[in-house]
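A.B. asks: sequence first, then the predicted structure:
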Amino acid sequence: MTPPPPAEAAVAGTAVGRAFDRDAATRRIEAAFKYLLIGCIAIALGTLVVLIVDIVIDGAPQLSPSFLTDLPSRIDPASAGIGPAIAGTLWLMAVCAAFIIPVGIATAVYLEEYANRERWHNRFIEVNIQNLAAVPSIVYGILGLAFLVRGPIGMGRILVAGGLTLGLLVLPVLIVAAREAIRAVPPSIREGSMALGATRLQTIRKQTLPAALPGIATGTILALSRAIGETAPLIVIGASAFATFTPSSPTDAVTALPIQIFQWISESQDEYKLQAATAIMVLMAILLAMNAIAIWLRNKYEQKW
Amino acid sequence: MEAATAQGASPGGFRPLGKRRRRPGEEIVRALLFVAAAISVLTTVGIVFALVEESVSFFGDVGTRFFTDTEWTPLFQDPQYGIWPLLNGTFLITGIGILVAIPLGLGTAVYLSEYASPRARRIIKPIIEVLVGVPTVVFGYFALTLVTPVLVQDLLGVNIQFNALSAGVVMGIMIMPTIASISEDAMTAVPQGLREGAYGLGATKRQVATKVVFPAAISGIVAAIVLGISRGIGETMIVLIAAGLNPNLGVNPTEGYATITTFMGATAKGDNPVGTIGYESIFACGLTLFVLTLIMNMIAIRFVRKYREVYE
């Protein structure tokens, strides 16, 4: 019944359990408690299964190649598609990646390789990143609205503004992952490099960063997959839902897959809700693919030192 | 020299063999890296500045009516500015969510930390992480098109589309992985010696889990719950899709409620030019939200530090 491998299980299940020969009532309570815990997991995982099945049942019938390329339609749900939404999401990803990859890695390198923890400003940066990770996503939308869309920069409701807003939102995710990856590189690698006469910068560029790269890549994909599903900040910066054309440059108006999904859910006609389910299938498929790549990267390149 | 001591690699620090050569390139890179790290601080400054700037003009117009009015209708002809209905909706729905998330999350954490074989853990943990990755707009769809018709309309027989109950229940599913993973970390950090001591005294597995490990990890568990609440308060899409937009001071979970986040989302969707009270009210709500989650986060960090101090 109880699997033997862990040490504590062996102690509990065999040695102690048999030595005192617990009475039936105790054993029943023990078993009931265990099944209660398993029930908690089952409810959570069961909900996930129901959610996925529900969406596939609603969404699968509308899935077709033309759905992926057509424009969304206000008049005819049957001919509506997510072409502009997919293009918008890809542009947002590109802008977001171009922003978070250099800034995230540089921040992680600074904090791990250069920053002196004794200095207050370095500790302040760390606490600040911790706090930023807990700021609700909709508040980042306000930041984008006040500084990027309007205000001093005032670039308007364009994809660059959306991508940067999402970038600021997921930057802490990448920083934390990149720091962990850099920290996992053993000091002996650095010491060896420096003992051979490399400067600190050469050591980072030629030894530490290459060794940490798989972890950083995994973190980047996870950060981007978080950005791809975000809706609230884009609503706040004023993403337009019914794009009448497919964005072809990062200065076109913001539109994105989750925004399109939200707009269709908000329509009163049930046909549009089914379209939303189909678009959700596409979004979830993209997310699953990204996560699969991240897991594959981690398993393939993970180094044990 | 400072850099060498920061590295802390060799005992006694490095002693340069010859004369130390200045390397301007290295210094420039160091400065650039520091600038990148400072962007995160600028982000915080930007958030606070944006929120406060517009909120100042909002409170200039509204004053203490933010706390004294009992209705929230800033966009109406006869505007009322009481934040309470929005706070009420926020905490009611988050409360339902946390009631769902605590048993599921803690049950999962205890099982993974105390009962699961390494193999079971390897299978269960990634699946729970999938739950973390589900976009909240998807949870919103789930709440509106499945939980509301089945749970509220069929099971409870209340004929209503937008309600706090289904938004809250689904929010609980969304929060659950946060609570599970942080409290599992706290439970795994409890030293093995405590468990062995308890087993040596004849405790059962359940007793060890509930009377030794759970209390020993309590500060981490509290931190997990506080962070869960904070996530719930800041959640927008589930509530915006499934709970309606009706500012409501009641407590009946089968009614519709507006929350701080849904008001912000719905108002931002409409057209509110800069300088109007509608535009400013988004920022005042944002500031309220920011302060609430900041307090929650600070409490959580304090609790996390506490359990780290004890065992490391």
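C.D. replies: Great, that's in hand.
A.B. asks: quick one: the helices in the chain?
C.D. replies: Just so you know, I chose chain A. Assigned by DSSP state H, chain A shows helices spanning A:7-10, A:17-20, A:24-59, A:65-69, A:83-109, A:120-132, A:137-143, A:159-183, A:187-195, A:200-203, A:209-228, A:232-237, A:257-266, A:270-301.
A.B. asks: switch to chain B, that's the one I care about
C.D. replies: Remark: helices assigned in chain B by DSSP H are B:2-7, B:24-62, B:65-68, B:84-110, B:118-133, B:136-142, B:164-188, B:192-200, B:205-207, B:214-216, B:218-234, B:237-242, B:260-269, B:277-311.
A.B. asks: most packed of the ones you listed?
C.D. replies: Of all the helices of chain B, helix B:237-242 carries the top mean neighbour count, a mean of 31, counting by mean count of other CB atoms under 10 Å in any protein chain shown. Every residue, glycine included, has its C-beta placed from N, CA and C.
A.B. asks: close to chain A, is that helix?
C.D. replies: Yes - Helix B:237-242 is in contact with chain A by CB under 8 Å from any CB of the partner chain, via B:237, B:240-241.
A.B. asks: for the record, mean pLDDT for that helix?
C.D. replies: Averaging pLDDT along helix B:237-242 yields 95.
A.B. asks: what's in contact with that helix?
C.D. replies: With CB atoms under 8 Å, 6 or more residues apart in numbering or on different chains as the test, helix B:237-242 has contacts from A:231-232, A:262, A:265-266, B:89, B:93, B:135-137, B:139-141, B:143-144, B:147-148, B:162-163, B:166-167, B:170-171, B:174, B:259, B:261-262, B:265-266.
A.B. asks: run the last query once more with 7 Å
C.D. replies: A:231-232, A:262, A:265, B:93, B:136-137, B:139-141, B:143-144, B:148, B:162, B:166-167, B:170-171, B:174, B:259, B:261-262, B:265-266 (CB atoms under 7 Å, 6 or more residues apart in numbering or on different chains).
A.B. asks: can you pull out the low-pLDDT segments for the chain?
C.D. replies: With no chain named, the answer covers chain A. A:1-21, A:74, A:240-243, A:304-305 (pLDDT under 70).
A.B. asks: should've been chain B
C.D. replies: In chain B (pLDDT under 70), the answer is B:1-21, B:307-312.
A.B. asks: can we see that at 80?
C.D. replies: For chain B, the stretches with pLDDT under 80 are B:1-23, B:77, B:270-273, B:304-312.
A.B. asks: tell me the contacts of the closest residue in space to B:V147 that isn't next to it in sequence?
C.D. replies: The shortest distance from B:V147 to any non-neighbouring residue, by CB to CB, 6 or more residues apart in numbering or on different chains, is to B:S166 (3.9 Å). Neighbour list for B:S166: B:143, B:147-148, B:151-152, B:242 [criterion: CB under 7 Å, 6+ apart].
A.B. asks: most neighbours out of these, which is it?
C.D. replies: Within the contacts of B:S166, neighbour counts (other CB atoms under 10 Å in any protein chain shown) peak at B:A242, which reaches 32 neighbours.
A.B. asks: name the nearest residue to it, sequence neighbours excluded.
C.D. replies: Using CB to CB, 6+ apart, the nearest residue to B:A242 is B:A143, at 3.7 Å.
A.B. asks: and the one you found, how far from chain A?
C.D. replies: Computed as CB to the nearest CB, to the nearest Å, the B:A143 to chain A distance reads 10 Å.
A.B. asks: my guess is that residue contacts B:V170. True?
C.D. replies: Yes - between B:A143 and B:V170 there is a contact under CB atoms under 7 Å: 4.0 Å.
A.B. asks: OK, contacts around the residue nearest the centre of chain B?
C.D. replies: Central residue of chain B (CA atoms, centre = their mean): B:R231, 2.2 Å from the mean position. Contact analysis of B:R231 by CB under 7 Å, 6+ apart lists B:175, B:178.
A.B. asks: go again using 8 Å as the cut-off
C.D. replies: Counted by CB under 8 Å, 6+ apart, B:R231 has contacts B:174-175, B:178.
A.B. asks: for B:G286, give its distance to B:L86.
C.D. replies: Here B:G286 is placed at a distance of 12 Å from B:L86 (CB to CB, to the nearest Å).
A.B. asks: from the chain's centre, how far out does stretch B:165-175 sit?
C.D. replies: 14 Å (CA atoms, centre = their mean, to the nearest Å).
A.B. asks: ok, B:P149 to B:G244 distance?
C.D. replies: Taken as CB to CB, the span from B:P149 to B:G244 is 15 Å.
A.B. asks: for A:A184, same thing?
C.D. replies: Taken as CB to CB, the span from A:A184 to B:G244 is 47 Å.
A.B. asks: if you count what's nearby, which of the two comes out ahead?
C.D. replies: Just comparing A:A184 and B:G244: by other CB under 10 Å the higher neighbour count belongs to B:G244, 23 against 14.
A.B. asks: the closest residue to chain B within the stretch 151-300 of chain A - nearest residue in space that isn't next to it in sequence?
C.D. replies: Here the stretch 151-300 of chain A gets closest to chain B at one residue, A:G229, 2.8 Å apart by CB to the nearest CB. Counting by CB to CB, 6+ apart, A:G229 lies nearest to B:P135, which is 2.8 Å off, once chain neighbours are set aside.
A.B. asks: could you do B:S113 as well?
C.D. replies: In this structure, B:S113 finds its nearest non-sequential neighbour in B:M187, 3.9 Å apart by CB to CB, 6+ apart.
A.B. asks: surely that neighbour and B:G220 touch.
C.D. replies: Yes - using CB atoms under 8 Å, B:M187 is in contact with B:G220, at 7.5 Å.
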